[in-house]
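**Student:** Prediction below, plus the sequence it came from.
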Amino acid sequence: MELKEALQKRRSVRKFTQQPVPEEMIDTLLHAAMSGPSACNRTPWEFWVVTQAETLEKLRKASRFTNHEAKLAIIVAGNLSRALPMQLGEYWIQDCSAATENILLQATDLGLGAVWCGIYPQKQAEKRVRELLGMTEKQIPLNIIFLGFPAETPEPRDQYQEKNVHWVKQP
């Protein structure tokens with residue numbers, strides 16, 4: 001699939017079939033995630049791959065935005081012990097977001113559906129996910145990506161809006 005096609009086909013999918021995602025595909029998703037950029041190459045990301053039904057059910061209850069029935073969830077978290085120091089420490093959010101987008105695009109290329117459900121900065125949801133997965137205080141769950149074979153196929157779209165582009169160029 002060409003990049004332009006993947007970008008336009010990548011849409012949030014919230015309904016999945018019951019078919020499990022093969023481990024080879026999960027490995028491909030994780031390789032894509034870790035191919036993303038990170039500030040000063042600190043790679044502060046960590047990933048929890050969940051296929052266990054009981055844990056998936058609990059993740060669905062992490063926040064009011066996470067109630068999606070999928071056979072796979074990948075939790076993208078930042079590890080503050082590998083983040084940049086002081087005021088630069090918040091770059092972990094950008095780093096983990098880049099990894100997340102890579103997962104979403106790779107999922108589209110593999111024919112999978114996915115939905116990005118934000119956890120950070122919802123303190124209660126962070127706490128629920130952290131406790132459920134045994135994360136330390138230095139590990140902050142940024143999001144839960146529910147993935148699987150899609151039971152729905154949203155139409156591809158281009159969301160370009162010229163009004164959102166501001167040019168600063170030579171006359």
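**Tutor:** Everything's here; your move. Numbers count the residues shown, from 1 in each chain.

**Student:** Just after the longest helix anywhere in the chain, pick out the following helix or strand.
**Tutor:** In the chain, with assignment by DSSP state H, the single longest helix is helix 91-109. In the C-terminal direction, the helix or strand that comes right after helix 91-109 (DSSP states H and E) is strand 113-118.

**Student:** Residues contacting that following strand from elsewhere in the structure, which ones?
**Tutor:** Around strand 113-118, the neighbours that count as contacts under Cβ atoms under 8 Å, 6 or more residues apart in numbering are 12-16, 63, 65-66, 68, 100, 103-104, 107-108, 142-153. In short, each C-beta sits where N, CA and C put it, glycine included.

**Student:** Please point out which parts of the longest helix of the chain sit buried.
**Tutor:** Judged by neighbour count (16 or more other Cβ atoms under 10 Å), helix 91-109 contains these buried residues: 91-93, 95-100, 102-109.

**Student:** List the contacts of the most centrally placed residue in the chain.
**Tutor:** For the chain, the residue lying nearest the average C-alpha position, counting by Cα atoms, centre = their mean, turns out to be residue 100 (3.5 Å). Listed by Cβ under 8 Å, 6+ apart, the contact set of residue 100 reads 33, 76, 116, 142-143, 145.

**Student:** Which stretches in this protein count as helices?
**Tutor:** Using DSSP H, the helices of the chain run over residues 3-9, 23-33, 53-60, 91-109, 123-133.

**Student:** show me what contacts the nearest residue to residue 67 once chain neighbours are set aside?
**Tutor:** Take residue 67 and drop its neighbours on the chain: the residue closest to it by Cβ to Cβ, 6 or more residues apart in numbering is residue 60, 5.0 Å away. In this structure, residue 60 makes contact with 66-69, judged by Cβ under 8 Å, 6+ apart.
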